[in-house]
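Student: Following is a predicted model, sequence given first.
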Amino acid sequence: MKVEGKRVVVVGMARSGRAAAELLEERGAHVTAVDQAVAQVPDLRVPIFPQSAASFEGADLVVLSPGVPADLDELRLVRDRGVPVIGDLELASWFLEGEIIGITGSNGKTTTTALTGHILRSSGIPAQVGGNIGTPPCSMVKASRAGQWNVLELSSFQLETIDTFRAHIGVALNVTPDHLDRHYTFERYAAAKARLFENQSTGDFAVLNADDPVTSGFAKAATRIFFSSTQSVQGASLEHHRITLDGKQFMDASEVPLRGAHNLENTMAAAIAAHLAGATHEQIREAVKTFPGVEHRLEFVRTLDGVAWYNDSKATNVDATLKAIAAFDGGLWVILGGKDKNSDYTPLAEPLKARSRAVLLIGAAAEKIEAQLRGAVPMIPCGTLEIAVHQARAQAQPGDTVLLAPACASFDQFEHFEHRGREFKRLVQALSGGSL
């Protein structure tokens, strides 16, 4: 798509928006930016204007950062004038060279994306990794080339604003309620996830979770390949504690270095995608065994006086927290809370009752969580993460585990989930006594 000479407005000047503005400038567009903060971004030559109808006048194209809702009133007026409104993923796809592996899901997509990239690179297959993980799609354009795979973690925010974007291999891990404050209904949220497959054709592949009632129905034109932890399917299965790929047993579940049954599903999905991209069974097995995991995803922090501390700050929805709780046998002190996303926390009641000693509540959602879980488990109002860490330190006994798995967004007290996770790790490492 030609953008040279076009007047383009980029909305939102966080990392993805800045990358989009820089790409557009390199391609000869006349770029302006819109941001509620109206703060100038260092080293960016693009002028930034406040979010108002006037800031969009004369635009030939509008590009949204993922954090910008697609239903802003100003955007409705833009669309009424016939001006295309796209997201940064769509923009990047116009210029990315090489094939795309797109990975989405409510939970597990970061681990699966990182693992897929790790398998490919360990197998000598050129690949770069980005999207919702680390590098924005627009920043990947310069390093892309023919014959290289672009492995992209894709959120519903990115997928809801595509037009022609197409992934040669699309992966859907699961769809459970999340971001309902943004999408309003579960149906709209699921529909955004399903867009990953809408531009695929018969030469493409859709890797789907056969055990998930939503994802198993995705994709119409592409060749569908399934993974399952409960049944034998054409693709990858978990059978008698061994993982099969294309009907061949190729590794024992115990060889996967990631905690939790959900990570076996993530491993199967990554194995299928990597195999489609050219990796052999043995290359996949050896790469999986050396995968170090991903920061903030059931990340072991330390053991202190017999108490283990784990950081799962990426557990920003209820289903992710359920998976985190299920990864431990019991003795849990679970830190819950943050910014609510119109979530229902009641599904946590029984697992917490069965496996936890108490819940430590933080953030803006604390009162709602306490009301919905009352009677299921002892709850300790803490307010801040620092107080929660010190409460857990004072009360946890040898053999217990302290787990940060908040089931909420972080924006009430932190910049993002990474900030929350790193602050948790800092607080835990600063605790005195015991051994690391």
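Tutor: Thanks, I have the structure now.
Student: Now stretch 140-158: average pLDDT?
Tutor: Throughout stretch 140-158, pLDDT has a mean value of 97.
Student: Name the residues of that stretch that are buried.
Tutor: 140-141, 144, 148-158 (16 or more other Cβ atoms under 10 Å). Where you see a C-beta, it was placed from the backbone N, CA and C, and this is true even at glycine.
Student: among those, which are in strands?
Tutor: In strands, judged by DSSP state E, the following of the buried residues of stretch 140-158 are found: Trp149, Asn150, Val151, Leu152, Glu153.
Student: For these, give me CSV that also has distance to Thr176.
Tutor: Putting these into CSV (distance: Cβ to Cβ, whole Å) gives the following:
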residue, distance to Thr176
Trp149, 28
Asn150, 27
Val151, 23
Leu152, 21
Glu153, 17
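Student: Can you tell me which of these is closest to Thr112?
Tutor: Minimum separation from Thr112 among these (Cβ to Cβ) is found for Glu153, which lies at 8.0 Å.
Student: Distance of that closest one relative to Glu282?
Tutor: Here the distance between Glu153 and Glu282 works out to 26 Å (Cβ to Cβ, to the nearest Å).
Student: ok, now Asp73?
Tutor: When Cβ to Cβ is the yardstick, Asp73 and Glu282 sit 56 Å from each other.
Student: The stretch 151-300 of the chain: helices as residue ranges?
Tutor: 156-159, 180-183, 186-194, 261-276, 281-289 (DSSP state H, counting those that start in this stretch).
Student: Which of those helices comes out lowest on mean pLDDT?
Tutor: When mean pLDDT is averaged over each of the helices of the stretch 151-300 of the chain, helix 180-183 scores lowest at a mean of 78.
Student: Tell me which helix or strand in the protein has the weakest average pLDDT.
Tutor: None of the helices or strands of the chain scores lower by mean pLDDT, DSSP states H and E than helix 180-183, at a mean of 78.
Student: quick one: buried residues of it?
Tutor: Taking 16+ other Cβ under 10 Å as the basis for neighbour counts, the residues of helix 180-183 that come out buried are Leu180, Arg182, His183.
Student: could the residues you listed go into JSON lines alongside distance to Phe411?
Tutor: Rendered in JSON lines, the data for the buried residues of helix 180-183 read as follows (distance: Cβ to Cβ, whole Å):
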{"residue": "Leu180", "distance to Phe411": "15"}
{"residue": "Arg182", "distance to Phe411": "12"}
{"residue": "His183", "distance to Phe411": "17"}
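Student: quick one: which of these is nearest to Asp344?
Tutor: Proximity of those to Asp344 was ranked by Cβ to Cβ; the top entry is Leu180 with 9.1 Å.
Student: thinking the closest one is in contact with Asn342, fair?
Tutor: Yes: counting by Cβ atoms under 8 Å, Leu180 touches Asn342, with 4.1 Å between them.
Student: OK, contacts around Ser55?
Tutor: By Cβ atoms under 8 Å, 6 or more residues apart in numbering, the residues touching Ser55 are Val9, Thr32, Val34, Phe49, Glu74.
Student: which secondary structure element contains the second one?
Tutor: Applying DSSP states H and E as the criterion places Thr32 in strand 30-34.
Student: any idea how far Arg121 is from Leu96?
Tutor: 18 Å.
Student: higher neighbour count, the two?
Tutor: When neighbours are counted by other Cβ atoms under 10 Å, Leu96 comes out ahead of the other of Leu96 and Arg121, with 22 against 16.
Student: Need phi/psi at the residue nearest to that one when sequence neighbours are not counted.
Tutor: Taking Cβ to Cβ, 6 or more residues apart in numbering, and ignoring the residues beside it in sequence, Leu96 has Ser144 as its nearest neighbour in space, at 4.9 Å. Note on Ser144: its backbone torsions stand at phi -80, psi 150 [degrees, to the nearest 10].
Student: same check, this time on Thr104
Tutor: Here Thr104 shows phi and psi, under degrees, to the nearest 10, equal to phi -130, psi 170.
Student: what's the answer for Ile86, then?
Tutor: Phi and psi for Ile86, reported as degrees, to the nearest 10, are phi -130, psi 170.
Student: partners of it in the sheet?
Tutor: Beta-bridge partners of Ile86, counted by DSSP bridges, are Val63.
Student: Identify the residues contacting it.
Tutor: The neighbourhood of Ile86, defined by Cβ under 8 Å, 6+ apart, consists of Leu61, Val62, Val63, Leu64, Thr161, Ile162, Asp163.
Student: so which strand or helix has the nearest residue to Ala274 once chain neighbours are set aside?
Tutor: The spatially closest residue to Ala274, leaving aside those adjacent along the chain, is Ile119, at 4.1 Å (Cβ to Cβ, 6+ apart). Under the criterion DSSP H and E, the helix or strand holding Ile119 is helix 109-122.
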